[in-house]
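*Asks:* Quick one, fold the following:
(chains A, B, C and D)
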There are 2 protein chains.
Amino acid sequence: MKPCDAPTMKDVAREAGVSLGTVSKVINGIPVGEQYRKRVEAATEKLGYQVNNYARGLKTNKTYCVALVMPSLHHPFFAVLVNELSEYLMQQGYRSLLMITNYDSLVEKKCFSLAQQNKIDGIIALTYSPDLDVDESISVVTIDRHISNHPCVSSDNFHGGELAAEKLMELGCKKLLFLHIGNVIVGEAEKRGPGFENACRTAGADYHSIWLTDQDTEAPFFRFLEEHIHNGKLEYDGIFCNSDGLGVRVCEFLKARGIRIPEDVQIIGYDGIVDYATGRYGCSTIVQPIAEMAQTAVNLLLNQQGTLAPRNTSLAVHYAPGGTTRD
Amino acid sequence: MKPCDAPTMKDVAREAGVSLGTVSKVINGIPVGEQYRKRVEAATEKLGYQVNNYARGLKTNKTYCVALVMPSLHHPFFAVLVNELSEYLMQQGYRSLLMITNYDSLVEKKCFSLAQQNKIDGIIALTYSPDLDVDESISVVTIDRHISNHPCVSSDNFHGGELAAEKLMELGCKKLLFLHIGNVIVGEAEKRGPGFENACRTAGADYHSIWLTDQDTEAPFFRFLEEHIHNGKLEYDGIFCNSDGLGVRVCEFLKARGIRIPEDVQIIGYDGIVDYATGRYGCSTIVQPIAEMAQTAVNLLLNQQGTLAPRNTSLAVHYAPGGTTRD
DNA sequence: TTGTAAGCGTTATCAC
DNA sequence: GTGATAACGCTTACAA
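*Replies:* Numbering: from 1, shown residues only, chains lettered A, B, ... in the order given. Predicted coordinates:
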């Protein structure tokens, strides 16, 4: 790569015939004599001068840079989240350092260490390591999962679960099923199930839950479904899946066995993932407000003074039909 | 946000009872007396010292940071591309600064200027501005679209187009159609059409092309298709779309009109986008080697000495069936 | 070999 | 209000 030596403040000062301090003041918007300002601005323009953020960061200990630590961009939820985070950060005058962990807790640790080394102003992270502790001097906001006492932003998972149950019952389901697969790490997303069960209990509904923790295969779900199909009819008529992906797969599985969706069985997922090609939801779903979550996380990070930030901020979700329910 | 004052090299030197220069040498792997090294390492460990990349960058003019300028992460192609770029860069010891332009050429310009200001070591960009010129002193590698004479990495679009045509003919199609929608900016992706047409011509096949440039609606395609359906039968029996998204939409449109895919009409798209939920292609497709493209771009950027980099590097594509062809 | 000191491009604190 | 000057934390000659 080529060397890159841009003009420095000193060059501008020489060009404008003023001192270094004056140039600095003009650059930083500190009042300065009218004609001096004019001269400096002209010189800046002429030389195409740009401040060196590294020198500035060294001096001020402020880098206007936030690290985004995310598992992967293969999943649309993460991709869109990073998109919104990055755009909003840029609007606020911040840059984003992207770090992909690939769900690997070793990499997560390395990223946190690297982030601190880069003297970034803060970290926004969605991680899976249970024991990821970070220098107390750095600001951190997490998404969905907690890291020590740093503020966490998530959608209102509990209410999302309730909403799903209520919607299914409202649409006539009598025998409900909840399917959950996920990491053993307890995060905010794990409240979807309790929310669902709570609503079922409250309504006195008949329901069953299956929790697959720390497993990498959904096979048990499909075995269960298979076993509960009698004479081409599933025992359950309403299913809540803890992600849209699972919802879509369950839907396909049942259709392949001649069960009609949504006529025989109705399915609701969670996330609100929109297909890039069709612009539609893959299944009926509880929609997470990704843009709002991103903005909330950024605001929380940038305005974090002391420790008065709430440990958890849950944003409102809403239900959206996606063809797998009768509405 | 909280202040962040980590231990400095001076602290380590004091702790270890050696001089600043010695610490620096240990940190940078320059040979130093065994016992000195031990002492420095112990002190480093004890204080939890980490080099300040801003100070180092200021001194060395090397930041180990590359800017990724991308239109959006809502489209899976860009999301996966950024994922691969970022992971590979990290493997090579580089960090990635993510900049989302939202297809806005004003933002693209701002990003380029910002990137240079951040004294990054290079830029990898996928942009739409026709007139995006950049300081000659900074290394740039582009994806799919050219910016002045910087090296560009893409998949072998021309051959991809040929492949699609050959495959359709091989699968028995007699009357081919090519559908293209895209920006007026001519990039490597625009070679898909010529490749397709070339293969058709060579084989003496009957084909028709529709190019929609600089339009934001695909309506003309669907109007055309509608007009060429007679007695529930489309005049064409093989369609090549310049993206998987379009392929999927065309497929849906025809199915909705009672035309069977792939029995009556076969469709091939371009990109190789895999659905996150099912893991399948949305339609039969020409697969771009995204990971290889990312690695090639990074290697080109990092090893760029002088200007001996090829202006264009096209990576091999392959065909993959995805349910919209009879194979 | 190891220590010393001069910068890298800024900002900030002073006298003027 | 403006211009020297001392840091910021590091690398790198160069001197010891």
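*Asks:* how does chain A divide into domains?
*Replies:* Domains of chain A are assigned by automatic domain parsing as A:9-51, A:65-154+A:291-315, A:157-289.
*Asks:* what about the last one, start to end distance?
*Replies:* Taking C-alpha to C-alpha, to the nearest Å as the measure, domain A:157-289 stretches 11 Å from start to finish.
*Asks:* Now stretch A:237-255: buried residues?
*Replies:* Within stretch A:237-255, the residues that qualify as buried are A:237-251, A:254, counting by 16 or more other C-beta atoms under 10 Å in any protein chain shown. Glycine gets a C-beta too; all of them are placed from N, C-alpha and C.
*Asks:* tell me the mean pLDDT for it?
*Replies:* Stretch A:237-255 shows a mean pLDDT of 98.
*Asks:* and that stretch, how far from the chain's centre?
*Replies:* The gap between where stretch A:237-255 is centred and where its chain is centred comes out at 23 Å by C-alpha atoms, centre = their mean, to the nearest Å.
*Asks:* same thing with stretch A:74-89?
*Replies:* The chain centroid and the centroid of stretch A:74-89 are separated by 7 Å under C-alpha atoms, centre = their mean.
*Asks:* Which residues does it contact?
*Replies:* With C-beta atoms under 8 Å, 6 or more residues apart in numbering or on different chains as the contact definition, stretch A:74-89 has outside contacts at A:66, A:68, A:70-73, A:95-96, A:98, A:124, A:126, A:143, A:271, A:273-274, A:276, A:288, A:290-291, A:293-295, A:297-298, B:72-74, B:76, B:79-80, B:83, B:98-100, B:102, B:276.
*Asks:* Produce a PyMOL select command limited to the buried residues of those.
*Replies:* Once 16+ other C-beta under 10 Å is used to decide burial, the buried members of the contacts of stretch A:74-89 can be selected in PyMOL as follows:
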select buried, (chain A and resi 66+68+70+71+72+73+95+96+98+124+126+143+271+273+274+276+288+290+293+294+295+297+298) or (chain B and resi 72+73+74+76+79+80+83+98+99+100+276)
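*Asks:* so residue A:246 makes contact with residue A:182?
*Replies:* No - the criterion here is C-beta atoms under 8 Å, and residue A:246 misses it with residue A:182 at 9.9 Å.
*Asks:* which residues touch the residue in chain A that DNA strand C sits nearest to?
*Replies:* Closest to DNA strand C within chain A is residue A:9: 2.9 Å, counting by C-beta to the nearest atom of the strand. Applying C-beta under 8 Å, 6+ apart, we find residue A:9 in contact with A:20, A:23-24, A:27, A:49, A:51.
*Asks:* switch to 6 Å and redo it
*Replies:* Residue A:9 makes contact with A:20, A:23 under the criterion C-beta atoms under 6 Å, 6 or more residues apart in numbering or on different chains.
*Asks:* Residue A:233 and residue A:208: what is the separation?
*Replies:* When C-beta to C-beta, to the nearest Å is applied, the distance between residue A:233 and residue A:208 equals 16 Å.
*Asks:* what are the phi and psi angles of residue A:272?
*Replies:* When quoted as degrees, to the nearest 10, the phi and psi of residue A:272 stand at phi 80, psi 40.
*Asks:* Helix, strand, or coil at residue A:22?
*Replies:* Using DSSP: H, G, I helix; E, B strand; the rest coil as the criterion, the local structure at residue A:22 reads helix.
*Asks:* Tell me how many other residues crowd it.
*Replies:* Residues lying near residue A:22 (other C-beta atoms under 10 Å in any protein chain shown) number 21.
*Asks:* so what pLDDT did it get?
*Replies:* The model reports residue A:22 with a pLDDT of 91.
*Asks:* With only the CA atoms kept, save stretch A:77-89 in CSV.
*Replies:* Once non-C-alpha atoms are left out, stretch A:77-89 reads as follows in CSV (Å, rounded to 0.1, in the frame of the first residue of the first chain):
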residue,chain,number,x,y,z
PHE,A,77,-31.5,-9.9,12.0
PHE,A,78,-27.9,-9.2,12.8
ALA,A,79,-27.2,-7.7,9.4
VAL,A,80,-30.1,-5.3,9.7
LEU,A,81,-29.2,-4.5,13.3
VAL,A,82,-25.6,-3.7,12.3
ASN,A,83,-26.9,-1.6,9.3
GLU,A,84,-29.1,0.5,11.6
LEU,A,85,-26.4,0.8,14.3
SER,A,86,-23.8,2.0,11.8
GLU,A,87,-26.1,4.4,10.1
TYR,A,88,-27.3,6.0,13.3
LEU,A,89,-23.8,6.2,14.7
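*Asks:* Closest residue of the stretch 1-150 of chain A to DNA strand D?
*Replies:* Proximity to DNA strand D, evaluated over the stretch 1-150 of chain A using C-beta to the nearest atom of the strand, is greatest for residue A:33 at 2.2 Å.
*Asks:* Residue numbers of the stretch 1-150 of chain A in contact with DNA strand C?
*Replies:* The stretch 1-150 of chain A has residues A:5, A:8-10, A:20-21, A:24, A:27-28, A:49-52, A:55-56, A:58-60 near DNA strand C, with proximity defined as C-beta under 7 Å from any atom of the strand.
*Asks:* filter those residues to the buried ones?
*Replies:* Here, 16+ other C-beta under 10 Å leaves A:8-9, A:24, A:27, A:49-52, A:55-56, A:58 buried among those.
*Asks:* These: which two are farthest apart?
*Replies:* Taking C-beta to C-beta as the measure, these reach their widest spread between A:49 and A:58, a distance of 18.3 Å.
*Asks:* sorry, back to before: between residue A:233 and residue A:208, which one's more packed in?
*Replies:* Set side by side, residue A:233 and residue A:208 give different neighbour counts by other C-beta under 10 Å, the larger being at residue A:208 (15 against 12).
*Asks:* Find the nearest non-adjacent residue to that one, please.
*Replies:* In this structure, residue A:208 finds its nearest non-sequential neighbour in residue A:177, 5.4 Å apart by C-beta to C-beta, 6 or more residues apart in numbering or on different chains.
*Asks:* Distance to residue B:16 for the domains of chain A - can I get that in JSON lines?
*Replies:* Converted to JSON lines, the domains of chain A look like this (distance: least, C-beta to C-beta, whole Å):
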{"stretch": "domain A:9-51", "distance to residue B:16": "35"}
{"stretch": "domain A:65-154+A:291-315", "distance to residue B:16": "20"}
{"stretch": "domain A:157-289", "distance to residue B:16": "39"}
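*Asks:* Quick one: closest of those to residue B:218.
*Replies:* Comparing those by C-beta to C-beta, domain A:157-289 comes nearest, at 11.7 Å.
*Asks:* next one: the closest one to chain centre, how far?
*Replies:* 22 Å.
*Asks:* For residue A:301, which three-state class applies?
*Replies:* Look at residue A:301: counting by three-state DSSP, its state is helix.
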